[in-house]
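Trainee: Show me the folded form of this:
(2 chains)
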Amino acid sequence: MLLNRDDWYDTSRDLDWTFTYVEASDAFPARWSGVGAESADAWQAWDEPFRVSYRDYVRIQREKESGVKAVRSAMMRAGVYEKLDAGHVAASHLHMGTTCMVEQMAVTMQSRFCRFAPSPRWRNLGVFGMLDETRHAQLDLLFSHDLLKFDPRFDWAQKAFHTNEWGVLAVKNFFDDIMLSADCVEASLAASLTVEHGFTNIQFVALAADAMAAGDVNWSNLLSSIQTDEARHAQVGFPTLAVLMETDPARAQTSLDVAFWRSTRLFQVLTGPAMDYYTPLDQRKMSFKEFMLEWIVNHHERILEDYGLKKPWYWDQFMHSLENGHHALHIGTWYWRPTLFWKPNAGVSKDEREWLREKYPTWEDNWGVMWDEIIKNVNDDRIQDTLPVTLPSLCNLTQLPIGSAMSRHDLEPHQLVYKERLYSFDSEISQWCFEQDPERYAGHRSFVDRFIGGEILPPDLGGALAYMGLTPDVMGDDAYGYAWAKDYVTAEAG
Amino acid sequence: MSSQKATPQIRTRSLKTWSAFGNLGRRPTEYEITAHNMNHTTGAIPLELGPDVNGNAWLLEHRDATKLRVADWDLFRDPAALTYGKYVAEQDDQETYIELLLEQFDRDGADRTLSVQALDMLGRALAPSRYLGHGLQMLSAYLQQLASSSYVANCAAFQTADQLRRVQLNAYRTTQLNRSHPDRGFATSERGHWENDTNWQPIRRAVELALVEFDWDRALVATNLVVKPVADLLLIDLLGRQLAAAGDHLDALMLDNLWRDSRRSQSWTAALTSFLLESDSSNGPVLQGYLDEFAPLGFAMIESGVQLLSVDGDQESAHLAAGVRADWATIVEAGGLRLGTG
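Mentor: Numbers count the residues shown, from 1 in each chain, chains lettered A, B, ... in the order given. The predicted structure is shown next:
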């Protein structure tokens, strides 16, 4: 008789055997599995929250591929890209440059699950995750390659992670850690559960909505199609968490608290500016904060509480950062725009400012006053005073500028000495993350460490730009050539 | 600020393809566009972390300190030029074919009329091979993780997925056979066969030993030149022919279809070893040395494996073993290496 998937599925995951020719602990070393011998049996309870057959997978994915390809061809023929808003385009440059290689890295993380995960069920599901991530990397590459003829910035979809651009180094540092150096359990909590289940909703759902509103049907369709895969394979984090809550709940709490803060900081630079500044005002759906509150605070964190986890100890500081961190990173990235491979939109015309005030009641006090200085310099034709001459000091955990985590009034230093080296942090939380496992972070040298150490020559901004691989044709500048600042000319004159 | 168009402020050069291709002299294929230069971990310190962290220590020891010398890994190409889109489309076609086979043979009530000879072979050889398939799945995934080139890593990723396909089809057939022949131990006795049957032990031993080969070059040879090709020759190719001879045409046709996946693995492996031999003259002795070291595992697999598949005694076993050895030698030679006599 013909069978349904559930008839044969249990047999297909009944795959463990007792090793006798080598030690099982040698074949599944704890440094990759994340599981010591003492808790190995507990992982037999790992049970996937969804079931996939290979047969269904290739059929469904083939259909998805056809759908994306059809839209891609149609949109290219229609010449849609040339009609897009410059601010929106900056968001797609930023996304492709910082995401494409991460998708490829995720292939390897999933492949690690296929090889070393402590349950054959998980090892099997890793195969579909590995294929999904291969798809995402290749879709991003094809999308970006199509657009190379319009803008060399799309070369950075493939090139960025081979450079030392500081923002890319921050992204690389985080994902190299949680995807390519972490054991399966840690990777599952940090990457599958926190980043994929929690935060990529913002990047993919929110940006997809904004892209559609901006008329970028191709990119919107791509993001939505990718999200259908992410929503499925991100769920493998939950059975991992369920087992860990039985065997080592303290480890689960710490791992997730560290991953949550690091993800927050990263998405404050990757997604916050794109949502609240680059996307044209009339096309914005939600603010970054609103999206974070709905998807992260209300949805993701509530699920974690169902597993018996507490809110991170730093919750109040997180909420304060949610009000400020991405604004700090936006003004910072716009100011250091020659160090970017995309053209940031300042996003502070009068109308946009009104929107920011409404969404963020403290925005004027914290950030508006700083933009006023920039606006004055722009309108006084002193562009040089809006450009950097030095580099910012960077956090040794997040690799993001010191002073960019909270409001401009929260600038007390957070530093510690570990093995005779001084480490600086953007917040008390980042310092706490470092202290949980110093060896995980201590050996790394930030961009500024290298600059001070004499690796970047000449030791000035020009030398730093060359070290970052930034060439004039991709180097960041204001997306609209400062046209937005003219809003203020009359008022200032008056 | 809204609705200003993406007009460049400064004149920008127009790129036709990735700058990483350099002067390619032609338009790259879609396959190359999606596979080129997508490993960012090939610098002196692989990951953007301290040099001593787990991931860096592992890559430095097991990938970068190995003996293979290659100036530009990204010159390798998969003969099948597989992209994700091409892979799922091709495999969807193959799975549709399998579905049609299953429907047709089910309509004919084929499982009820299987011979004792065929049922015996299905029980002792086909059904337990899902453990073998899982072992090969893990081994294939490892080749992906430490590959220096994304071109190579992608081949290994698709090979890994092929193994899950095999495991799931195996589970499907095992379940069907259990329903039509509930007294024969299908779906319950396979682990016992895999762990205890004398004739399975050299195969299981080879899989387990390969699973602790962590240096990438050694893992490549152990997995893709020894354990996998020999296992596939025995438990896909030969098993299919033996089952056909015993009158089980459904499993024979399904295994014949899985053999397509095996051939693809053999094809990219031969292309890779040829590429390595051409890349540096020192690579030949390295690869040949590993092959000579691991080949006894393969010969032992063959000697016992044919016992699982033989129905007519020692003379037939010897004949089958000679055939598998010859086929294995051909696979190895396609990549420019030689198989000793065992």
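
Trainee: How many residues are close by residue A:270?
Mentor: Using other CB atoms under 10 Å in any protein chain shown, the number of residues around residue A:270 comes to 25. Any C-beta I mention is one placed from the backbone N, CA and C, and that applies to glycine too.

Trainee: Then residue B:50?
Mentor: 18.

Trainee: Show me what the helix or strand harbouring residue A:185 packs onto, helices and strands only.
Mentor: Element membership of residue A:185, judged by DSSP states H and E, is helix A:184-187. Here helix A:184-187 is seen to pack against helix A:30-33, helix A:86-116 when contacts are counted using 3 or more CB pairs under 8 Å, 6 or more residues apart in numbering or on different chains; DSSP states H and E.

Trainee: Only the buried residues of the shortest one, if you could.
Mentor: Applying a neighbour-count criterion of 16 or more other CB atoms under 10 Å in any protein chain shown, one finds A:32, A:33 buried in helix A:30-33.

Trainee: near chain B at all, it?
Mentor: Yes: using CB under 8 Å from any CB of the partner chain, helix A:30-33 reaches chain B at A:31, A:32.

Trainee: Please export the alpha-carbon coordinates of that helix; CSV is fine.
Mentor: C-alpha atoms of helix A:30-33 as CSV (Å, rounded to 0.1, in the frame of the first residue of the first chain):
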residue,chain,number,x,y,z
ALA,A,30,31.8,17.9,22.7
ARG,A,31,33.5,21.0,21.2
TRP,A,32,31.2,20.6,18.2
SER,A,33,28.2,18.8,19.5
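
Trainee: Leaving aside the residues adjacent along the chain, what's closest to the residue of chain A found nearest chain B?
Mentor: Minimum separation of chain A from chain B (CB to the nearest CB) falls at residue A:443, amounting to 1.8 Å. Spatial nearest neighbour of residue A:443, excluding adjacent residues (CB to CB, 6 or more residues apart in numbering or on different chains): residue B:50 at 1.8 Å.

Trainee: Am I right that that neighbour falls within a strand?
Mentor: No: assessed with DSSP: H, G, I helix; E, B strand; the rest coil, residue B:50 is coil; it does not lie in a strand.

Trainee: OK, contacts around it?
Mentor: A:439, A:440, A:441, A:442, A:443, A:444, B:56 (CB atoms under 8 Å, 6 or more residues apart in numbering or on different chains).

Trainee: same thing with residue A:239?
Mentor: A:46, A:47, A:48, A:49, A:122.

Trainee: burial of the residue nearest to residue A:371 when sequence neighbours are not counted, as a residue count?
Mentor: Spatial nearest neighbour of residue A:371, chain neighbours left out: residue A:348 (4.8 Å); criterion: CB to CB, 6+ apart. Neighbours of residue A:348 under the rule other CB under 10 Å: 26.

Trainee: my read: residue A:348 touches residue A:375, true?
Mentor: Yes: with contact defined as CB atoms under 8 Å, residue A:348 and residue A:375 form a contacting pair (7.4 Å).

Trainee: quick one: low-confidence ranges for the chain?
Mentor: You didn't say which chain, so I picked chain A. Within chain A, the stretches with pLDDT under 70 are A:491-494.

Trainee: was after chain B, sorry
Mentor: Residues of chain B that meet the cut-off, pLDDT under 70, sit at B:1-13, B:342.

Trainee: which residues are contacting the helix or strand hosting residue A:227?
Mentor: Using DSSP H and E, residue A:227 maps to helix A:217-233. Applying CB under 8 Å, 6+ apart, the external contacts of helix A:217-233 come out as A:50, A:52, A:64, A:67-68, A:71-72, A:75-76, A:80-81, A:92, A:110, A:125, A:128-129, A:132, A:135-136, A:139-140, A:143, A:192, A:196, A:200-201, A:203-205, A:207-209, A:211-212.

Trainee: Among these, which ones lie close to chain B?
Mentor: A:81, A:135.

Trainee: Just the buried residues of the contacts of helix A:217-233.
Mentor: A:52, A:64, A:68, A:71-72, A:75, A:81, A:92, A:110, A:125, A:128-129, A:132, A:135-136, A:139-140, A:143, A:192, A:196, A:200-201, A:203-205, A:207-209, A:211-212.

Trainee: which residues does the residue in the stretch 151-300 of chain B positioned nearest to chain A contact?
Mentor: Of all residues in the stretch 151-300 of chain B, residue B:171 sits closest to chain A, at 3.5 Å by CB to the nearest CB. Counting by CB under 8 Å, 6+ apart, residue B:171 touches A:8, A:9, A:11, A:12, B:130.

Trainee: one more time with 7 Å
Mentor: A:8, A:11, A:12, B:130 (CB atoms under 7 Å, 6 or more residues apart in numbering or on different chains).

Trainee: Name the nearest residue to the third one, ignoring sequence neighbours.
Mentor: If I follow you right, that is residue A:12. Using CB to CB, 6+ apart and skipping the chain neighbours, the partner closest in space to residue A:12 is residue B:171 (3.5 Å).

Trainee: ditto for the second one
Mentor: In space, not counting the residues next to it along the chain, residue A:11 is nearest to residue B:171; the distance is 4.0 Å by CB to CB, 6+ apart.

Trainee: how would you label that neighbour: helix, strand or coil?
Mentor: helix.

Trainee: and the helix or strand harbouring residue B:166, which residues are buried?
Mentor: For residue B:166, the element it lies in under DSSP H and E is helix B:150-180. Applying a neighbour-count criterion of 16+ other CB under 10 Å, one finds B:150-178, B:180 buried in helix B:150-180.
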